[in-house]
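Visitor: sequence first, then the predicted structure:
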Amino acid sequence: MGSNGSKVPRVVWWIAVVLSASAIVSLVVPLLARSGILFRVGDPLLVHCVYALCMGALGGCVNAGMALAKHIAAKDFKAEWNLWYFSKPPLAAILGLVSFILAKGFGTAMGGMNVNNAFGIAALAFVAGFATERVVHKVEDLSKTLFATKDKTPPLAILEPFQGKTVGGKNVLVVAQTNGNVSYMSASCKEQPDAAAALAETGEGRYRGEVPLSGAAGERTVHVTGVIDGKTAHVEMKVTYAP
């Protein structure tokens, strides 16, 4: 960050006021909720949600206040970060509540803290509000686990020989095609383990090579293996061998 000189920008004072006021509110509201002045309901879950919101906001205020003091002391405060400071308390409050909900629903998913009492909820929400970026990453990891999609390897096809074709001679031409990034491609015959050949790229996603066949006439299985985009793919084709 660039230096703004020794004079503290006016916006810094506004940021300090907002953070201080938010911190005070975050401390007072849970006390009012605890005493029953703010909420007169039988279900304690609503009060617990208030704890999570307020303690999350408090954690965000502490984090933003420390960052502000650090950059003012270093004289490298930058106005481009104003929105970050002003938005920290509400975003941290939301993440504090989200962390409470996830911990309530998934148990150990958000750190394994005890969220059945006020102190456990306050601790979890404060940490979540203080480390909002880490919570966002944790939620992203959780969403990938819950809603994981299977990574698909690009399709691999044998163009030559086609299904059921009668082939002959000592070498059988094999042409495969894919649309991925290939690091390895080979063809073989399942009935003849020693009959194998590497396939060379010929352009437009096509790979070509000749597999040596021998022995009596009969059905053969042409097998193509490719490492495509870091994943192994296989495809087979049945042909008739007539030497």
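Guide: Sure thing, it's come through.
Visitor: CA atoms for contacts and neighbours, from now on please.
Guide: Will do.
Visitor: ok, and the closest non-adjacent residue to Ala122?
Guide: Nearest-residue entry for Ala122: Met55, 5.6 Å, with adjacent residues in sequence omitted and distances by CA to CA, 6 or more residues apart in numbering.
Visitor: ok, the one you found to His48 distance?
Guide: Distance, Met55 to His48, by CA to CA, to the nearest Å: 10 Å.
Visitor: which of those two has more neighbours?
Guide: Taking neighbours as other CA atoms under 10 Å, Met55 and His48 compare with Met55 leading, 32 against 22.
Visitor: number of residues surrounding Val50?
Guide: Other residues close to Val50 by other CA under 10 Å number 23.
Visitor: show me which residues of the longest helix anywhere in the chain are buried.
Guide: In the chain, assigned by DSSP state H, the helix with the most residues is helix 44-73. Judged by neighbour count (16 or more other CA atoms under 10 Å), helix 44-73 contains these buried residues: 47-65, 68, 72.
Visitor: show me where this structure has its strands.
Guide: Along the chain, the segments classed as strands by DSSP state E run 156-160, 166-167, 171-178, 182-189, 192-198, 200-203, 206-212, 218-228, 231-241.
Visitor: which one of these lies closest to Phe147?
Guide: For Phe147, the closest of the strands of the chain is strand 231-241, at 21.2 Å, according to CA to CA.
Visitor: now do that closest one: which elements does it pack against?
Guide: Judged by 3 or more CA pairs under 8 Å, 6 or more residues apart in numbering; DSSP states H and E, strand 231-241 is in contact with strand 156-160, strand 166-167, strand 218-228.
Visitor: what's the angle between it and strand 171-178?
Guide: On the basis of axes from the mean of the first three to the mean of the last three CA atoms, to 10 degrees, strand 231-241 is oriented at 140 degrees to strand 171-178.
Visitor: tell me the angle strand 231-241 makes with strand 218-228.
Guide: Going by the same axes, to 10 degrees, strand 231-241 makes 160 degrees with strand 218-228.
Visitor: paired strands for strand 231-241, with orientation please.
Guide: strand 166-167 (parallel), strand 218-228 (antiparallel) (DSSP bridges).
Visitor: which residues are in contact with Pro30?
Guide: Applying CA atoms under 8 Å, 6 or more residues apart in numbering, we find Pro30 in contact with 47, 50-51, 54.
Visitor: closest to Ser99 among these?
Guide: For those, the minimum distance to Ser99 (CA to CA) is 11.8 Å, reached by Tyr51.
Visitor: quick check, that closest one in contact with Ala123.
Guide: No - with contact defined as CA atoms under 8 Å, Tyr51 and Ala123 do not form a contacting pair (9.8 Å).
Visitor: quick one: pLDDT of the residue nearest to Ala122?
Guide: Here the pLDDT value assigned to Met55 is 93.
Visitor: hang on, isn't it packed against Ala93?
Guide: Yes - look at Met55 against Ala93 with CA under 8 Å: they come within range, at 7.1 Å.
Visitor: select, out of the strands paired with strand 231-241, the one closest to Cys189.
Guide: Cys189 lies closest, by CA to CA, to one member of these: strand 218-228, at 4.8 Å.
Visitor: okay, angle between the closest one and strand 156-160 too, please.
Guide: Going by the same axes, to 10 degrees, strand 218-228 makes 140 degrees with strand 156-160.
Visitor: list the buried ones in strand 218-228?
Guide: For strand 218-228, a neighbour-count test (16+ other CA under 10 Å) marks 219-228 as buried.
Visitor: which of these lies closest to Pro9?
Guide: Lowest distance from Pro9 to the buried residues of strand 218-228 (CA to CA) belongs to Ile228, with 55.6 Å.
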